[in-house]
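Colleague: coords please:
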Amino acid sequence: MFKRLLGSSLLLTSLLGFSHLAIAADVKIGVVDAQVIIQKSPEYQQLNAQLQNKFKPRQEKLMAAKKTLQAEMQDFSKNQAVMKAEDQAKLKNKIIADQQGYESQVDTFRNDVNQERNKDMQHFMEKVQASVNTVAKQGQYNFVLYKAAVPYMDAGTDLTQQVLDAMSHSN
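Modeller: Numbering: from 1, shown residues only. Next comes the predicted model:
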């Protein structure tokens, strides 16, 4: 009786195990490397160039303001020993006000750049996702994962170049 029960349970276990493999064999999984897409995508590089060009005049103004502020600080530290206390206080207050204004401009600049970059990145990632969807549907993939979430992958599952190609064809 024990042998029959053991044999039945082994048979059942092996059948369940093989049916699991049969189900897994039908699943098709692809992997996309988002970092490679960002590095190799001409569209992303163009977005970066446009962002730099858009904010370059403001960046140059900030750099000029920084140089002016540094010059004021050097003059103050060089001449404060021979200055009247009243003139020292005025110049010191002016430098503090200029520094606060400069820091405020830098913060505003950074926020504007980040906001624009985030907007561009969101639009770019929507295009990446649309291309991933196209490649997945054409290749009949059940799942497409980002490489950052996959500790190991077979080279045959990498869809990165196909996604880049799909992106270039959609432009």
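Colleague: so Asp98 touches Ala71, yeah?
Modeller: No. Asp98 is beyond contact range of Ala71, at 10.7 Å (criterion: Cβ atoms under 8 Å). (Glycine included, C-beta is placed from N, CA and C.)
Colleague: of the two, which one has the most company?
Modeller: Comparing Asp98 with Ala71 by other Cβ atoms under 10 Å, the one with more neighbours is Asp98, at 15 against 10.
Colleague: Val32 and Gln138, how far apart?
Modeller: Distance of Val32 to Gln138, given as Cβ to Cβ, to the nearest Å: 14 Å.
Colleague: settle it for me: which of these two has more neighbours?
Modeller: Using other Cβ under 10 Å, the more surrounded residue of Val32 and Gln138 is Val32, with 26 against 10.
Colleague: by contact count, what packs against the longest helix belonging to the chain?
Modeller: For the chain, the helix that runs over the most residues, judged by DSSP state H, is helix 85-139. When contacts are defined as 3 or more Cβ pairs under 8 Å, 6 or more residues apart in numbering; DSSP states H and E, helix 85-139 packs onto strand 29-32, helix 42-79, strand 143-146, helix 160-170.
Colleague: which other helices and strands does the first one contact?
Modeller: Okay, so that is strand 29-32. Looks like strand 29-32 contacts helix 85-139, strand 143-146, helix 160-170 (3+ Cβ pairs under 8 Å, 6+ apart).
Colleague: burial count for Asn48?
Modeller: Around Asn48 there are 13 residues (other Cβ under 10 Å).
Colleague: phi, psi of Ser41?
Modeller: Dihedral pair for Ser41: phi -80, psi 120, per degrees, to the nearest 10.
Colleague: and Tyr152, by the same measure?
Modeller: Torsion angles, degrees, to the nearest 10, at Tyr152: phi -150, psi 140.
Colleague: and it, what does it touch?
Modeller: Listed by Cβ atoms under 8 Å, 6 or more residues apart in numbering, Tyr152 has no contact partners.
Colleague: and it, how far is that from Val31?
Modeller: To Val31, Tyr152 is 10 Å away according to Cβ to Cβ.
Colleague: then Arg58?
Modeller: To Val31, Arg58 is 40 Å away according to Cβ to Cβ.
Colleague: repeat for Gln80
Modeller: Taking Cβ to Cβ, one finds Gln80 at 63 Å from Val31.
Colleague: the two: who's more crowded?
Modeller: Between Gln80 and Val31, Val31 has the larger neighbour count (other Cβ under 10 Å), namely 22 against 13.
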